[in-house]
Structure formats: structure tokens, C-alpha cells
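In: got a sequence here, can you build the structure:
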Amino acid sequence: MKALCSSYSPLCMIGDFNQVEHHYDKLGGSSNITGWKSFLDWRINIPLSELPYSGPNFTWANKRNSSSLILERLDRCYASQDWNLLFPDAYLKNLNLFLSDHAPIVLSTSAKVKKPKRPYRVDNWCLELPAIQALISSIWNSSSLCNAATSVSLKLAKIRSAILKWVLENRHHFMLDWSLISKDLSVSAALAQDSSSAFDHITNIRSIEHDVYIQHSFWKQRAKSEFRFNDGLPTSYFFSRSKAREKRLRIFALKDDMGNWISSDMDLSNLIVSHFTCLFTSSTQSTGSLTLQDLSIPQLDGFQQDYLSRPFSASDVEYAFFSMKPNKSPGPDGFPPRFYQLFWGLIKEDITSAVLSFLNSGILPPAWNNTHVVLIPKVELPEMISQFRPISLCNVIYRAASKCIALRLKKVIDGIIGQNQNAFVPDANRDWGFRDTRF
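Out: Take a look at the predicted model:
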């Protein structure tokens, strides 16, 4: 089968595979899934990635009585990397079971919805290039008549626009053919039989190190902790996995409160907004006369109050920026932590002044508070909006200011929280899918 599949490129396979891959693809019957490992090994070795789908989870049923009823997802669609590149928006729609024991499945190769226009996120891969560093230095050293916070916001906006323009004009020069690189290195390694040929092999490696590092940075930023190298070079299977993961995060359809599938853009938007509006609206009626003095709230002593009230310092701000992971997702302004860490020598005076201005005066520039809200699935195959949790992607500069406050609160928080407030215990809620609170 592998030899047959390798003769067809690009390749897309759709239909009844008569094999369950995961336990969540099956309901009822034996919990033992026969043949799943062999099937998965076959799929990975080709390699093929599964297309995302919308609609009911199960596509086959034996239609027996309740004690013997079995539902499984046997009908799927797999595609090769080159096919996914040709049809990046392809997805599968599972229809309802009716007369047959198998449900119809429909493959769509066009985008279901128009992709929203996302603000440009600065790429880490280009930040160490001399041309980009000169561009950033030129813009940042330009004079400004605005206050510190406004000046920083304007400079960041100019830098983002300039980097975007440069990347669009030069990105194709840094795209590498990994299969060709791997083949060339294998050949030169095989020829390294003496000191002269071994030196040629090392020279060959050094000649591509810089470009390899750029691609390494490009994919590492996008894949986060999922990133792995295989024998020093990324594989085609990794790229297909990254693309498949990106498609799986899209919401194609959801069930409403009545159990009906919703798939149109407008209905999905209304469903999501309605759910979270209701969720974050308090149903408790205010008594109107209750004051803080009436509540049994722990009090801070004078020393703790003085500690929290003392002005923040430049070292507090610097520590906050450098305690972040470089590849963390940026906020609406598009700058990841790596940008601030790499150019700290150039920007620290302005950035520190701007952050301290907010921390010590309480005046927050409106642009800093802009946030992207992203829905993260709490289960493998979410069907309802309640199976998503929202997270906020704040601007890194706002995140740094928040971290300064949080780190200071950490010193006194043990005395003002109850034993049952596990939201303030690091990692305590990870197993239950709640937010992991860190300081």
C-alpha cells in the first residue's frame, strides 16, 4: 500500500477505513481497539494527515438495541503534505446517519468562511538579520515630541509596518528545500573518508547553518512546544502536522442549546457572543448596603501596605520582560517577547520609562489594553461552545506591567487568600482545564 500511495502525488484518500484510531472515536462495545497502532504507523510512514471535520462525531452505527449499540467514526479523509498545500482550506463535513449504517461525508476543498484579516505578528526569524536590525535602530532612534508611552506605541507601529514590508519583499530568499539539504548532507557525509573530504563536509554544513537557523526560528515560533527536529532537520510530516493543527483549531460548526448544528458565520458569532455574555454576567442582586467593613476580609499590616505601595524600579521592569518565554504569542501590536529581549540594549530606556509611568501613576495608554480573545478547546473534539475556554492575548508590554504587579503581590498573597482558593495555586487547576494562575 505504501508503494502504491507513493506513486500518486498529491494524494487524498477518503471513505470508510474500517479502523478506529482513538478511544474518543468509539462509543459502546469493547474498549480494546484492534489494529490502531499498525494503521497509525502506516499513515505516519506515508505520511498522511487527517483533514478536520464538522458535524456529528460518529459516522457508523450497528443500529442494535441499547445494550449492544456501537457508534464509531470510520469514515475519514487523509491527505499528503503536497495535497494540503494545494488545498489549505479543505475540510470534511459529516452528515447525519439515516437509512444506511454509514453517514455520508462531504469533502470541501474551498474555504467555508472568509478568513479574518489578522494583524501582522512580527517574525522572530528575521530579527537578527543586519537589515532588520538597522531598520529597527533607525526608527527607534528617531526623535519624538510625545510622552514616553505614546512615543513607544508610535515607534512600535512604525517598526511593525516596516518589518512587514521587508518580509514580504525578501521572505522567498530564505525559504529552504529541506529534502534537498538533507540529501546533500548525506552525500557529503558518505564521501568524508579522509581529512580533506571531511573538511569539505563540515564546510558544507557551515554554509547552510545560518539559513537553517532562520527556518528553525520560523517554525519554532509557530509550533511553540510542539516543535521538534528529526535528525537536525524538520521533516515533511512535521510541516503537515503543523498545518493540520492549524485547521483543527478552526470552528466549522457547533451545537446550540437545543442540540441543532449551527454552521453559518452569523449564527456562530451570535451563539458565541450570547454564551459568554451570559456566562460573565452576574446573576446576584446587590444588597446596596453591604460594605467592605461588613465582610470578614483579611487585612494587610502596615509593612505589607508599605511594600505594595513603594514605587516600581527599572530592575522590576527588566526582570518582567526577561522572565517571559521568547516565543509566546504576541498581542494585537504583533511583537513577541523575543523582540524586547533581543533589542533591550536599544529600547530599554524608552520601554522602562513608559512602563514605570503606568505603574507609578496608574495612567494606562488605551492601545496597551487592546486584547485578542482566543477560544481554546477543552476537549479533543468540541461540539458545543461550553467546551471552549477563552484566553486573552495581551500586548507584551502590558503583560510585563501586569507581571510586575503580580510578582509584588506574590510576596503578601499567602496571608490574604483562603485555603480553598486554589485558583492562586500554580498548576493546581491544570488537570481540570481551568486557567493556570502564575506570578
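In: remind me which residues of the chain are low pLDDT?
Out: Applying pLDDT under 70 to the chain flags the ranges 1-6, 111-118, 171-195, 197-199, 201-202, 204-248, 282-295, 418-439.
In: can you show me the helices along it?
Out: 2-6, 36-45, 81-86, 130-140, 148-170, 178-190, 195-223, 236-248, 265-279, 302-309, 314-322, 337-342, 344-361, 396-409 (DSSP state H).
In: and the chain, what are its domain boundaries?
Out: 2-108, 124-248, 254-281+298-432 (automatic domain parsing).
In: let's have those domains in TSV, adding mean neighbour count.
Out: Every C-beta, even on glycine, is put in place using the N, C-alpha and C of the backbone. Below are these laid out as TSV (neighbours: other C-beta atoms under 10 Å):
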stretch	mean neighbour count
domain 2-108	15
domain 124-248	15
domain 254-281+298-432	15
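In: who's in contact with the closest residue to residue 27 other than its chain neighbours?
Out: Once flanking residues are discounted, residue 27 sits nearest to residue 71: 4.3 Å by C-beta to C-beta, 6 or more residues apart in numbering. By C-beta atoms under 8 Å, 6 or more residues apart in numbering, the residues touching residue 71 are 26, 27, 28, 58, 60, 61.
In: so residue 71 versus residue 50, what's the distance?
Out: Distance, residue 71 to residue 50, by C-beta to C-beta, to the nearest Å: 19 Å.
In: with residue 376 instead?
Out: From residue 376 to residue 50 the distance is 20 Å (C-beta to C-beta).
In: one more: residue 406?
Out: Residue 406 is 40 Å from residue 50, by C-beta to C-beta.
In: burial count for residue 252?
Out: 18 (other C-beta atoms under 10 Å).
In: now do the contacts for it.
Out: 52, 53, 54, 91, 93, 112, 263.
In: closest one of the residues you listed to residue 414?
Out: Residue 414 lies nearest to residue 52 out of the contacts of residue 252, by C-beta to C-beta, at 44.7 Å.
In: gap between the closest one and residue 91?
Out: Residue 52 is 5 Å from residue 91, by C-beta to C-beta.
In: for residue 304, same thing?
Out: 55 Å.
In: how close does residue 10 sit to residue 141?
Out: 49 Å.
In: residue 69 is in contact with residue 58, isn't it?
Out: No - with contact defined as C-beta atoms under 8 Å, residue 69 does not count as touching residue 58 (10.7 Å).
In: show me the contacts for residue 18.
Out: residue 74.
In: correction: the previous question concerned residue 94.
Out: Contacts of residue 94 by C-beta under 8 Å, 6+ apart are 53, 54, 55, 56, 57, 59, 75, 103, 105.
In: closest one to residue 393 out of these, please.
Out: Nearest member of these to residue 393, counting by C-beta to C-beta, is residue 54, at 24.8 Å.
In: my guess is that closest one contacts residue 253. True?
Out: Yes - at 3.8 Å, residue 54 and residue 253 qualify as touching, with contact defined as C-beta under 8 Å.
In: can you pull the residues that touch both of these two?
Out: 93, 261, 263.
In: need the residues you listed in a markdown table with distance to residue 329, can you?
Out: Formatted as a markdown table, the shared contacts of residue 54 and residue 253 follow (distance: C-beta to C-beta, whole Å):
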| residue | distance to residue 329 |
| --- | --- |
| 93 | 30 |
| 261 | 30 |
| 263 | 27 |
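In: for those residues, which one is nearest residue 297?
Out: Nearest to residue 297 among those: residue 261, at 46.9 Å, using C-beta to C-beta.
In: for that closest one, which non-adjacent residue is closest in space?
Out: residue 253 (5.2 Å).
In: state the number of residues packed around that neighbour.
Out: Residue 253: 19 neighbours (other C-beta under 10 Å).
In: what values do phi and psi take at it?
Out: With angles defined as degrees, to the nearest 10, residue 253 sits at phi -160, psi 150.
In: identify the residues contacting the nearest residue to residue 35 once chain neighbours are set aside.
Out: Of all residues not flanking residue 35 in the chain, residue 19 sits nearest, at 5.8 Å (C-beta to C-beta, 6+ apart). Residue 19 is in contact with 35, 36, 39, 74, counting by C-beta under 8 Å, 6+ apart.
In: dump the residue contacts of the third one.
Out: Shown in contact with residue 39 (C-beta under 8 Å, 6+ apart): 17, 19, 21.
In: same question for the last one.
Out: With C-beta under 8 Å, 6+ apart as the criterion, the residues that contact residue 74 are 16, 17, 18, 19, 20, 59, 60, 102.
In: would you turn those residues into a markdown table with distance to residue 161?
Out: Formatted as a markdown table, the contacts of residue 74 follow (distance: C-beta to C-beta, whole Å):
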| residue | distance to residue 161 |
| --- | --- |
| 16 | 51 |
| 17 | 48 |
| 18 | 53 |
| 19 | 50 |
| 20 | 50 |
| 59 | 47 |
| 60 | 52 |
| 102 | 52 |
